[in-house]
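Peer 1: Structure for the following, please:
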Amino acid sequence: MWCMKKTMHIINAEIGEKWGNDDLPSIDERYKLILSLREKISLCQNRIDELQGVVTGMSSISINPEI
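Peer 2: Numbers count the residues shown, from 1 in each chain. As a prediction, this is how the structure comes out:
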């Protein structure tokens, strides 16, 4: 249920108030938009995972300052 709410939130953010009740996008248009947004979400999540790996790697580095 959370996933569906999150997906709908993303769709609403993407399309905003641009459609009124009389000119809603077709089911096919909505489906394509959902697929496109899911792909974007997947790419963003992959990038987040990569960056988290970098942060984890950097936090294990110890610096010994020369005095």
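Peer 1: which residue packs closest to the residue nearest the centre of the chain, ignoring adjacent ones?
Peer 2: The chain has residue 41 as the residue nearest its centroid, 3.1 Å off, counting by CA atoms, centre = their mean. Spatially, and ignoring its direct neighbours in sequence, residue 41 is nearest to residue 10 (7.0 Å; CB to CB, 6 or more residues apart in numbering). Heads up, the C-betas are built off the backbone N, CA and C, glycines and all.
Peer 1: Now that neighbour: which helix or strand?
Peer 2: If you go by DSSP states H and E, residue 10 is part of helix 2-15.
Peer 1: What helices and strands are in contact with that helix?
Peer 2: Secondary-structure packing of helix 2-15 (3 or more CB pairs under 8 Å, 6 or more residues apart in numbering; DSSP states H and E): helix 27-59.
Peer 1: got the angle between the helix it packs on and helix 2-15?
Peer 2: Angle, helix 27-59 to helix 2-15, by axes from the mean of the first three to the mean of the last three CA atoms, to 10 degrees: 110 degrees.
Peer 1: Check which residues of helix 27-59 are buried.
Peer 2: The neighbour-count check on helix 27-59 (16 or more other CB atoms under 10 Å) flags residue 37 as buried.
Peer 1: Show me what the mean pLDDT comes to for it.
Peer 2: Mean per-residue pLDDT for helix 27-59: 92.
Peer 1: From the chain's centroid, how far away is that helix?
Peer 2: In terms of CA atoms, centre = their mean, to the nearest Å, the centre of helix 27-59 is set 5 Å apart from its chain centre.
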